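> need coordinates for the following:
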Amino acid sequence: AEQRALVRQILEELPVERDRDLLRRYYLGQESKERLLADHGLTSLQFNRVLHRARKRFQELWVARQSARSRHL
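Numbers count the residues shown, from 1 in each chain. Modelled structure (predicted):
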């Protein structure tokens, strides 16, 4: 439950709305790639690139948050 809350919090901190939307819908909502392609007007290659960058930005925030938490323990 704690990690789920942290994931949702970090998603909200992502500065790009498209990143938040794609990560939420693709991973949490398990929506199809085809639906997201249509909704965002992306090609498959563009989607892959956008999703890769969104995951990278999420991971950077995740690592920073974990580092901050371990310093406080």
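
> let me know the helix or strand that the most centrally placed residue in the chain is in.
For the chain, the residue nearest the mean C-alpha position is Leu23 (3.8 Å; Cα atoms, centre = their mean). Per DSSP states H and E: Leu23 is located in helix 17-23.

> buried ones in that helix?
Buried residues in helix 17-23, counting neighbours by 16 or more other Cβ atoms under 10 Å, are found at 19-23. (C-beta placed from N, C-alpha, C; glycine too.)

> what's the answer for stretch 43-51, then?
So stretch 43-51, judged by 16+ other Cβ under 10 Å, has buried residues 47, 50-51.

> could you export the helix holding Leu23 as PDB, CA atoms only?
Coordinates of each C-alpha in helix 17-23 appear next as PDB, following Å, rounded to 0.1, in the frame of the first residue of the first chain:
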ATOM      1  CA  GLU A  17       1.000  15.700 -18.500                       C
ATOM      2  CA  ARG A  18       1.400  13.300 -21.400                       C
ATOM      3  CA  ASP A  19       4.000  11.300 -19.300                       C
ATOM      4  CA  ARG A  20       1.500  11.000 -16.400                       C
ATOM      5  CA  ASP A  21      -1.300  10.000 -18.700                       C
ATOM      6  CA  LEU A  22       0.600   7.400 -20.600                       C
ATOM      7  CA  LEU A  23       2.200   5.800 -17.600                       C
END
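
> and it, how far from the chain's centre?
6 Å (Cα atoms, centre = their mean, to the nearest Å).
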